[in-house]
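Asks: Just a sequence and a predicted model for now, questions to come.
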Amino acid sequence: MGHAPHPPDPGPRSRRRRTAAALLASAVSVCLVAASAPVVPLGVGDRLFPYLGNPGYDVASYDLSFTYPGSNSRPLRAVTTIKARATADLDRVNLDFAHGTVDSVEVDGEPAGFSTAGEDLVITPQQAVPDGDWMRITVRHTSDPVSAKGLESGWVRTTDGLAMANQADAAHRVFPCNDHPSDKAMFTIQVTAPTGLTAVANGLPAGVAKNNGSTTWTYRTHHPMATELAQVSIGRSTVLHRTGPHGLPLRDVVPTRDRKALEPWLRKTPAQMAWMERKLGRYPFETYGMLVADASTGFELETQTLSLFERELFTQSAYPEWYVESIMVHELAHQWFGDSVSPRTWSDLWLNEGYATWYEALYAEARGGKPMRDRMKAAYASSDGWRTVGGPPAAPKVPEPGRKTGIFRHNVYEGATLVLYALREEIGSPAFDRLQRAWVGRHQDGTASTAEYVRLASEISGRDLSGFFKDWLYGEKTPPMPGHPDWKRQAPAKQTAPAKQTAPAKQTAPAKQTAPAKQVAPAPGAAR
């Protein structure tokens with residue numbers, strides 16, 4: 001699929017200029033099709049999440065409107081408007097949506113029928129949509145921040161409001177969407193909340209309006225975004241502004257009471273961005289910042305242009321400065337790897353997490369004196385065990401249904417970083433550095449697959465690396481490490497994966513660790 005150009009207002013279609021008799025015949029025909037074909041959930045064929053995403057259309061833009069009732073235990077009123085182009089003849093349109101009540105659906109301004117199937121909202125427009133035509137779908141619904149039994153919501157309930165953490169499969173429990181990273185789109189997000197609260201979302205501000213005890217904020221992205229990277233913060237927050245490299249506007253969103261305590265950490269971002277730009281080139285988006293939430297999530301998250309962090313990561317004195325900064329860099333690196341260049345399928349996750357952990361480890365080496373080589377040697381020893389529990393880096397095991405963090409195991413963090421380390425040893429640092437820059441440059445604002453990475457690595461190195469990657473990305477056992485014949489693997493323990501494992505195990509002594517903070521993180525949790 002992928003992102004399509006932002007369409008003009010579709011307006012009335014010429015095919016609608018028909019006689020009343022023809023319209024009636026068309027409506028009867030659609031009803032007959034609907035009656036004869038069962039309503040079923042669809043998907044785009046993702047190996048790990050088979051019912052995520054939907055075939056037959058390409059979303060160009062989302063316009064989301066949320067009205068917050070002042071309590072994070074009550075549903076928000078919401079309107080989702082989707083502009084999309086049909087890529088097949090459609091008499092029905094499936095959207096991913098669950099955990100909300102749908103009040104009405106319109107397609108191009110006309111009422112449409114709707115029903116549910118699994119976690120799909122199935123829409124039947126009055127007229128079929130031909131291949132190549134634009135359509136505008138408007139859904140009026142609620143968005144419930146309280147998780148349903150057995151299903152994690154995309155909303156995170158904080159002490160004073162809400163934030164979002166949709167990765168990997170929870171955006172559709174917040175708003176109707178094509179919930180797969182292969183279909184990126186532009187976003188406009190509008191939030192209305194009672195006076196005294198502040199709302200912030202992805203992208204740049206596009207307006208503020210006050211009316212009868214409430215305020216409405218509007219934000220707009222300037223680059224396409226995957227649904228799993230959407231972010232909305234509502235709470236008693238302060239927005240802090242500063243300037244990054246090249247005059248880039250930065251903004252951080254923090255609990256107002258913690259503003260002074262957090263400032264020493266927040267002001268590190270411009271230098272971290274400059275450090276990343278020296279390695280990868282210019283930052284790929286219109287703004288960046290940190291959203292510090294007073295919530296216990298067990299992870300940090302790279303929501304596009306506004307990364308989510310747990311408050312206690314910065315307020316717990318037990319964490320060394322280098323460790324906290326390396327977590328910050330991990331989420332910053334994701335803006336290139338995972339956000340700007342999104343995975344074509346969820347099995348390509350290793351490219352996101354492997355590279356983010358790579359830069360986290362390089363920063364820990366530079367700022368904390370924690371050698372990358374030692375970290376990778378320790379990872380090599382454990383790698384067979386990680387593959388046994390979670391699968392090879394590019395073929396992770398299927399997660400438990402309803403667990404949005406179920407694929408985030410050691411194999412796609414440190415295990416994937418180990419693949420990158422082996423690649424650098426195999427092709428040399430100059431070629432490896434060119435590969436990283438070429439990867440984020442060629443695929444900016446798009447999606448990319450493991451197969452494309454293998455081809456690009458072979459092109460830049462001047463060698464066929466398909467065999468190398470087959471062993472390192474898909475093998476049940478970890479291959480010998482190039483240049484380090486003395487490195488040994490530990491035999492994996494005879495155990496199966498924990499039934500509800502959602503993140504790598506935590507540890508309590510970060511000062512002594514050699515494994516990555518993101519991957520084997522102490523409390524408050526692993527970065528993602």
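Replies: The structure has been received and is ready for your questions.
Asks: for the stretch 151-300 of the chain, what spans make up the helices?
Replies: Taking DSSP state H, counting those that start in this stretch as the criterion, the stretch 151-300 of the chain carries its helices at 259-266, 269-280.
Asks: so how far is the helix or strand hosting residue 377 from its chain's centroid?
Replies: Secondary structure here is read from DSSP states H and E; on that basis residue 377 sits in helix 372-390. Taking the mean C-alpha point of helix 372-390 and that of its whole chain, the gap between them comes to 25 Å (CA atoms, centre = their mean, to the nearest Å).
Asks: any low-confidence regions in the stretch 301-450 of the chain?
Replies: Across the stretch 301-450 of the chain, the ranges flagged by pLDDT under 70 are 402, 404.
Asks: returning to what we had before: single out the most deeply packed of the helices of the stretch 151-300 of the chain.
Replies: Greatest average neighbour count among the helices of the stretch 151-300 of the chain goes to helix 269-280 (a mean of 17), per mean count of other CB atoms under 10 Å. Where you see a C-beta, it was placed from the backbone N, CA and C, and this is true even at glycine.
Asks: elements contacting it?
Replies: strand 237-243, strand 249-255, helix 321-334, helix 349-368, helix 429-442 (3 or more CB pairs under 8 Å, 6 or more residues apart in numbering; DSSP states H and E).
Asks: Which one, of the ones you listed, ends up nearest to residue 126?
Replies: Distances from residue 126 to each of these were compared by CB to CB, and the smallest falls on helix 349-368, at 39.9 Å.
Asks: Any buried residues in the closest one, and which?
Replies: Judged by neighbour count (16 or more other CB atoms under 10 Å), helix 349-368 contains these buried residues: 349-365, 367-368.
Asks: what would the helices of the stretch 151-300 of the chain look like in JSON lines with mean pLDDT and distance to residue 306?
Replies: Formatted as JSON lines, the helices of the stretch 151-300 of the chain follow (pLDDT from 0 to 100; distance: least, CB to CB, whole Å):
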{"stretch": "helix 259-266", "mean pLDDT": "96", "distance to residue 306": "13"}
{"stretch": "helix 269-280", "mean pLDDT": "98", "distance to residue 306": "12"}
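Asks: so which of the helices and strands packed on helix 269-280 gets nearest residue 172?
Replies: The closest approach between residue 172 and any of the helices and strands packed on helix 269-280, judged by CB to CB, belongs to helix 349-368 at 18.3 Å.
Asks: for that closest one, packing partners?
Replies: helix 269-280, helix 321-334, strand 341-343, helix 372-390, helix 414-427, helix 450-461.
Asks: Compute the inter-axis angle for that helix and helix 414-427.
Replies: Inter-element angle recorded for helix 349-368 and helix 414-427: 80 degrees (by axes from the mean of the first three to the mean of the last three CA atoms, to 10 degrees).
Asks: wait, what's in contact with the nearest residue to residue 483 once chain neighbours are set aside?
Replies: Nearest residue to residue 483 in three dimensions, chain neighbours excluded: residue 425, at 4.4 Å (CB to CB, 6 or more residues apart in numbering). By CB atoms under 8 Å, 6 or more residues apart in numbering, residue 425 lies in contact with 481, 482, 483, 484.
Asks: picking up where we left off before, buried deepest among the helices and strands packed on helix 349-368, which one?
Replies: Mean neighbour count, computed with mean count of other CB under 10 Å, is highest for strand 341-343 among the helices and strands packed on helix 349-368, reaching a mean of 26.
Asks: check contacts around the closest residue to residue 146 other than its chain neighbours.
Replies: Leaving aside its sequence neighbours, residue 146 sits nearest to residue 73 (CB to CB, 6+ apart; 5.9 Å). Going by CB under 8 Å, 6+ apart, residue 73 touches 145, 146, 157.
Asks: Select from those residues every entry located in strands.
Replies: When strands are assigned by DSSP state E, the members of these inside them are residue 157.
Asks: Alright, I will stop here.
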